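okay, here's the prediction I keep looking at, along with the sequence it came from:
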Amino acid sequence: MGCGFGSVALQSLLAEEATAAHPPAVLLNPIDPHAPRLPAFRPRAKNVIFLYMVGGPSQIDTLDYKPTLAKLAGQKVPASLRKPVEATRFANVFTGAKDQILPSPWEFRQHGQSGLWVSDLLPHLSKHVDDLCVIHSMQADSNNHGPASIQFHTGETTGGKASLGSWVTYGLGSENRNLPAYVLLFEAGPLGGATNYSNGFLPTAFQGTRLRDTGPPVADLLPPEEFAPGQRQSLDTLKALNLRHRASRPGYTPLDARIASYELGWRMQSAALEAGDVEREPESVRRSYGLDHPDKNTAKYARKCLLARRLVERGVRFVQVYDMHEKDGWDAHGNLKKNHEAHAQVVDQPVAALLADLKQSGLLDSTLVICGSEFGRTPMMQGEDGRQHNCAGFTVWLAGGGVQAGARIGATDEIGLMAVNQPTHFRDLHATILAALGIQHEELYFETSGRLERLTGVQNAASLIPGVLA
């Protein structure tokens with residue numbers, strides 16, 4: 001027992017020593033936590049728009065062309081392709097799927113000068129392939145929606161970690177002090193819930209803020225008319241009392257965040273209303289995004305994409321847009337054709353318009369656009385006409401923000417089952433995203449519970465994806 005208590009004491013001393021050797025990576029003003037901070041080196045991008053496709057779109061039906069699927073239609077997965085997967089941690093991708101190849105019901109064509117392949121599901125996006133950097137060799141650690149989605153957002157399959165948006169705003173702050181640094185736009189959130197976009201162990205100020213794309217961006221943003229004249233005086237009094245209360249409680253981040261939120265709320269009353277007023281955009285712009293689309297879900301997603309552009313245009317650091325409007329998203333365990341055509345219609349025109357709009361305004365040079373999901377889908381059939389989850393090999397694309405435009409990174413095998421060329425983990429993608437923003441991923445950490453936490457895991461656990469950054 002004595003030795004045991006001695007080891008506890010030793011661990012405490014080592015933790016203190018480690019903390020002393022690693023001072024806080026980011027020095028924060030607790031009352032102004034979103035003050036802009038200089039990146040470690042010259043950034044390629046200043047802002048991020050993260051387009052998250054909920055439920056797992058099929059890579060082999062959208063961007064990862066595999067002509068062998070048609071040749072093997074209805075046949076079993078060849079042993080030469082099955083056995084390598086069964087020998088890995090991805091063996092469970094066969095669970096729940098028939099041993100029968102299902103070819104894609106859509107035609108693929110090459111587009112642009114880059115010649116990237118895109119299926120007929122995405123006719124609008126196909127016009128912008130020369131702006132895309134497509135990574136075909138992504139892999140996740142879980143074949144279940146919640147854990148895989150959380151890992152894409154936070155680097156880990158378990159809850160309690162800080163999200164990508166929280167890390168970016170913790171590291172860089174925001175250029176606009178009158179709007180939240182990290183904004184969320186969605187009808188229905190991602191599978192796995194708020195854990196995906198939580199600040200985790202980071203200070204509370206770096207939690208994402210959900211804005212609405214119709215009506216006032218924030219509920220109850222404006223005070224009742226009878227209280228409006230004295231609002232500033234009331235806030236000043238409240239701030240003075242809160243600062244007095246805080247004086248004896250240094251480092252209590254929820255209190256710091258509360259004080260900062262009152263001031264941000266005051267400043268947002270005009271800034272958020274102006275940013276959220278997409279009707280100020282020319283009719284031609286609103287039409288290009290699809291705000292007038294007869295499908296209400298397409299029109300709603302179009303408003304979110306247009307609002308995302310307006311927010312980064314005003315200096316908001318990180319905007320996260322979810323496409324989910326019902327409980328399953330792209331999760332096509334059956335009726336693949338109906339599911340994917342409905343969801344592709346929702347996102348195709350608005351995303352293409354967003355890329356075009358950012359490019360014509362020059363914002364694409366400084367805005368990194370990320371588009372992806374928690375995993376892809378199997379080339380094997382599930383049920384009569386569906387596909388099972390596939391975390392062994394799937395596709396994510398990036399655009400703008402200094403990425404190599406028109407590039408194709410990595411590859412899956414000849415039926416799109418597993419990444420075989422340049423397999424890429426979410427940690428590597430995160431490291432690359434941070435590098436585009438001028439952040440050295442191993443130098444962005446936060447000390448909690450006696451250890452240094454990073455988005456990209458323990459030291460040397462991640463590396464930049466070769467060929468992505470120009």
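Noted; the coordinates are in hand. Numbering: from 1, shown residues only.

restricting to C-alpha, output stretch 141-161 in CSV.
Provided in CSV are the C-alpha atoms of stretch 141-161 (Å, rounded to 0.1, in the frame of the first residue of the first chain):
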residue,chain,number,x,y,z
ASP,A,141,-12.2,2.9,-36.6
SER,A,142,-15.9,2.1,-36.2
ASN,A,143,-18.5,0.7,-38.6
ASN,A,144,-21.3,2.2,-36.5
HIS,A,145,-22.7,5.7,-37.2
GLY,A,146,-22.3,7.3,-33.8
PRO,A,147,-18.7,6.4,-32.9
ALA,A,148,-17.5,6.9,-36.5
SER,A,149,-19.3,10.3,-36.7
ILE,A,150,-17.8,11.4,-33.4
GLN,A,151,-14.4,10.3,-34.6
PHE,A,152,-14.6,12.4,-37.7
HIS,A,153,-15.5,15.4,-35.6
THR,A,154,-13.2,14.9,-32.6
GLY,A,155,-10.6,12.3,-33.5
GLU,A,156,-11.9,9.7,-31.1
THR,A,157,-14.8,7.3,-31.2
THR,A,158,-15.8,8.0,-27.6
GLY,A,159,-17.5,11.1,-26.2
GLY,A,160,-16.1,13.9,-24.1
LYS,A,161,-13.5,15.1,-26.6
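
give me the below-cutoff pLDDT ranges for the stretch 101-250 of the chain.
218-231, 234-235 (pLDDT under 70).

helices of that one, residue ranges please.
All helices of the stretch 101-250 of the chain, identified by DSSP state H, counting those that start in this stretch, fall at 145-154, 164-172, 231-247.

can you tell me which of the ones you listed is most buried?
helix 164-172 (a mean of 27; mean count of other Cβ atoms under 10 Å). Any C-beta I mention is one placed from the backbone N, CA and C, and that applies to glycine too.

what does that helix contact?
If you take Cβ atoms under 8 Å, 6 or more residues apart in numbering as the criterion, helix 164-172 is touched by 25-26, 34, 36-37, 39, 48, 50, 153-154, 162, 181-182, 184, 197-200, 202-203, 206-208, 317-318, 320, 430, 433-434, 437-439, 444, 446, 455.

residue 394 touches residue 59, doesn't it?
Yes - applying Cβ atoms under 8 Å as the test, residue 394 and residue 59 come out as touching, 4.7 Å apart.

spit out the residues that contact these two alike.
In terms of Cβ under 8 Å, 6+ apart, residue 394 and residue 59 are both contacted by the residues 376, 377, 412.

the nearest residue to residue 124 once chain neighbours are set aside sits in which helix or strand?
Once flanking residues are discounted, residue 124 sits nearest to residue 352: 3.6 Å by Cβ to Cβ, 6 or more residues apart in numbering. Remark: residue 352 resides in helix 336-361, with elements defined by DSSP states H and E.

now that helix: buried residues?
Using 16 or more other Cβ atoms under 10 Å as the burial criterion, the residues of helix 336-361 that qualify are 336, 339-340, 342-359.
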